[in-house]
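Visitor: coords please:
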Amino acid sequence: MPVKKSTAAPKAAPKKAATAAKSTVKDTPRLEDFINEVKAKAFDIYLRRVEKGEPGDEIGDWSYAEKEIKTKYGIK
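Guide: Numbering: from 1, shown residues only. Here you go, the predicted structure:
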């Protein structure tokens, strides 16, 4: 007995999302670039702190700068 082919159209695969959600976080920088950016930010923080006569030290300036740069790039 001959086999009869189905005349029904094959079901289409479900459509995927057009594009993945765009990330608002910038690409992760190279380590050298990250350190240079933290260094520059820490120096800016130091200058503002000294100008305002606020207490602090270079370790605090560096820590605050590092935290800001990590937030900028979405690094935990």
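Visitor: Can you show me the helices along the chain?
Guide: 31-52, 58-73 (DSSP state H).
Visitor: The longest one vs helix 58-73, what angle?
Guide: What separates the directions of helix 31-52 and helix 58-73 is an angle of 120 degrees, with axes from the mean of the first three to the mean of the last three Cα atoms, to 10 degrees.
Visitor: buried ones in helix 31-52?
Guide: Residues Phe34, Glu37, Val38, Lys41, Ala42, Ile45, Tyr46, Arg49 are the ones in helix 31-52 that count as buried (16 or more other Cβ atoms under 10 Å). The C-beta positions use only the backbone N, C-alpha and C, and glycine is treated the same way.
Visitor: and what of stretch 56-66?
Guide: Asp61, Trp62, Tyr64, Ala65, Glu66.
Visitor: Name the member of those with the shortest distance to Arg30.
Guide: Checking those against Arg30 with Cβ to Cβ, the nearest one is Glu66 at 15.7 Å.
Visitor: I'd like to know how far the closest one sits from Gly53.
Guide: Separation of Glu66 from Gly53 (Cβ to Cβ, to the nearest Å): 24 Å.
Visitor: returning to that earlier point: what would the helices of the chain look like in CSV with mean pLDDT?
Guide: Below are those laid out as CSV (pLDDT from 0 to 100):
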stretch, mean pLDDT
helix 31-52, 98
helix 58-73, 97
